[in-house]
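Asks: Return atomic coordinates for the entry below.
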Amino acid sequence: MEATIRMPGTIPEFETEPKAGTLAERVKARARELGLDAVGIASAGVLAEDYARYERFIERGFHGEMHWLAKHAEARRATDVDAILEGARSVVCVASSYKRSERDEARDPPLTQGIARYARGRDYHNGLRKKLRKLAAFIRTLDADVEARPLCDDAPILERAWAARSGIGFIGKNGLLIVPGCGSLVLLGEVVTTLDLGCDEHAGRDRCGACTRCIDVCPTSAIVEPFVLDARRCISYLTIELRGPMPVELRKDVGEHLFGCDDCQTVCPFNQTPRGATTDSRYEPLDRWAGTSLEDLLNEGADLGEGTPLRRATVEGIARNAAIVLGNRGDARSGPALERAAETHPSAAVRDAARWGASRLSAK
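Replies: Numbering: from 1, shown residues only. I've put the predicted structure just below:
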């Protein structure tokens with residue numbers, strides 16, 4: 001096989017358009033009217049191969065402290081079950097781009113450079129859920145006694161696997177869904193319905209070729225092999241999902257990532273296309289970030305993540321992360337704030353991180 005990196009545009013986009021006049025075409029048209037960037041349809045049922053990979057992920061303990069990932073096994077295996085929607089026939093999968101233009105990102109406040117792109121503005125769930133609810137309501141009008149359930153991070157399904165099965169994209173070596181023309185900077189949602197809409201199913205084969213940029217760039221070597229992520233080492237897990245102290249051996253590699261990490265996406269060739277930049281103001285950094293420092297986030301009770309995805313990490317988690325970033329940054333002016341937090345912060349995890357950060361400053 002020729003060792004080449006396939007750039008966006010060199011691979012034909014998925015053909016997911018059904019014949020004119022079908023119910024599926026009407027559903028897709030409505031999805032686009034709602035501002036969704038990609039839509040595909042899969043037949044409901046079992047994800048045998050993807051579920052087997054998921055089971056191996058759990059067996060190896062790669063989910064870390066995200067214990068909910070090991071629950072509701074049957075719901076993750078299939079969508080036509082009571083936990084999702086009994087009698088489901090179709091899964092309508094959508095993707096919404098949060099990619100902003102480089103010119104807009106260049107104007108973002110300095111603090112937001114350490115925040116994953118999807119989390120720099122308002123919480124995306126409300127906006128995406130409204131669109132999915134409207135899409136589900138439309139599907140219910142297409143036939144008598146049709147049921148349709150919109151899903152947006154509120155049900156235990158393997159959404160990337162379903163999205164790949166629906167034909168809107170494929171799974172990259174970093175484990176993320178890549179939508180040709182949009183890249184991987186997308187948010188996913190589904191509407192599971194009892195209406196038979198046909199399907200746009202594709203094999204979801206590897207389209208990354210010989211490229212290993214995402215694997216090579218990962219600061220903590222969390223992508224242990226192509227398509228396999230050890231979440232316990234992933235910066236997004238460490239800064240968002242992990243509660244309590246962060247492993248000492250990984251703190252230096254976290255660098256200046258305050259919340260999440262985009263490194264494996266930033267280098268991906270499929271994200272270099274200029275197409276697909278969103279104009280949705282929901283993803284623009286909030287005004288509050290312009291006047292916020294890491295020292296502010298280190299202070300007790302500085303809940304500046306209100307109404308944003310940062311709430312997921314908790315106030316304590318953000319303070320812990322801020323202490324680690326300050327230590328990695330190595331600016332002596334942060335010393336007093338770190339030393340104060342090391343002595344007085346009510347959280348043991350934050351005190352521990354602040355002591356570590358202060359020790360990094362003294363060692364420089």
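Asks: CA only for contacts and neighbour counts going forward, please
Replies: Noted.
Asks: where does this structure dip in pLDDT?
Replies: Applying pLDDT under 70 to the chain flags the ranges 1-21, 201-205, 274-276, 300-301, 364.
Asks: Tell me how many other residues crowd the closest residue in space to Asn174 that isn't next to it in sequence.
Replies: Of all residues not flanking Asn174 in the chain, Phe227 sits nearest, at 5.5 Å (C-alpha to C-alpha, 6 or more residues apart in numbering). When neighbours are defined as other C-alpha atoms under 10 Å, Phe227 has 15 of them.
Asks: right, and Phe227 touches Lys173 too?
Replies: Yes: under the criterion of C-alpha atoms under 8 Å, Phe227 makes contact with Lys173 at 4.2 Å.
Asks: sorry, back to before: how much space between the residue nearest to Asn174 and Trp68?
Replies: Distance of Phe227 to Trp68, given as C-alpha to C-alpha, to the nearest Å: 21 Å.
Asks: Test my guess that Ala44 contacts Ala75.
Replies: No: at 11.7 Å, Ala44 and Ala75 do not qualify as touching, with contact defined as C-alpha under 8 Å.
Asks: the more surrounded of these two?
Replies: The neighbour count for Ala44 versus Ala75, taken as other C-alpha under 10 Å, is higher for Ala44 (24 against 19).
Asks: Next, the contact list for that one, please.
Replies: Contacts for Ala44 were tallied using C-alpha atoms under 8 Å, 6 or more residues apart in numbering; they are 78-80, 88-91, 192.
Asks: what about Ile178, which helix or strand?
Replies: Using DSSP states H and E, the element containing Ile178 is strand 177-178.
Asks: which strands and helices sit next to that strand?
Replies: helix 159-166, strand 170-171 (3 or more C-alpha pairs under 8 Å, 6 or more residues apart in numbering; DSSP states H and E).
Asks: nearest to Asp253, of the contacts of Ala44?
Replies: Nearest to Asp253 among those is Ala78, at 37.6 Å by C-alpha to C-alpha.
Asks: can you give me the helices in the stretch 1-150 of the chain?
Replies: Assigned by DSSP state H, counting those that start in this stretch, the stretch 1-150 of the chain shows helices spanning 23-33, 48-59, 73-77, 102-106, 124-140.
Asks: Arg329 is nearest to which of those?
Replies: Short answer: helix 102-106, nearest of the helices of the stretch 1-150 of the chain by C-alpha to C-alpha, at 20.4 Å.
Asks: who are the neighbours of the closest one, in terms of helices and strands?
Replies: Judged by 3+ C-alpha pairs under 8 Å, 6+ apart, helix 102-106 has no packing partners among the helices and strands.
Asks: ranges for the strands of this protein?
Replies: Using DSSP state E, the strands of the chain run over 38-43, 90-97, 148-151, 170-171, 177-178, 186-193, 223-225, 228-229.
Asks: any idea how far Phe259 lies from Leu310?
Replies: Distance, Phe259 to Leu310, by C-alpha to C-alpha: 7 Å.
Asks: Point to the residue nearest the middle of this protein.
Replies: Closest to where the C-alpha atoms of the chain average out (C-alpha atoms, centre = their mean) is Leu187, at 6.7 Å.
Asks: nearest spatial neighbour of Gly114, skipping sequence neighbours?
Replies: The spatial neighbour of Gly114 that comes closest, neighbours along the chain excluded (C-alpha to C-alpha, 6+ apart), is His257 at 4.5 Å.
Asks: Could you pull up the residues touching that neighbour?
Replies: 113-115, 235, 239, 321, 325.
Asks: now, which of the residues you listed sits nearest Ser221?
Replies: Ile235 (9.9 Å).
Asks: For burial, what's the neighbour tally of that closest one?
Replies: Ile235 is flanked by 28 other residues according to other C-alpha under 10 Å.
Asks: Quick check, it in contact with Cys261.
Replies: Yes: using C-alpha under 8 Å, Ile235 is in contact with Cys261, at 6.0 Å.
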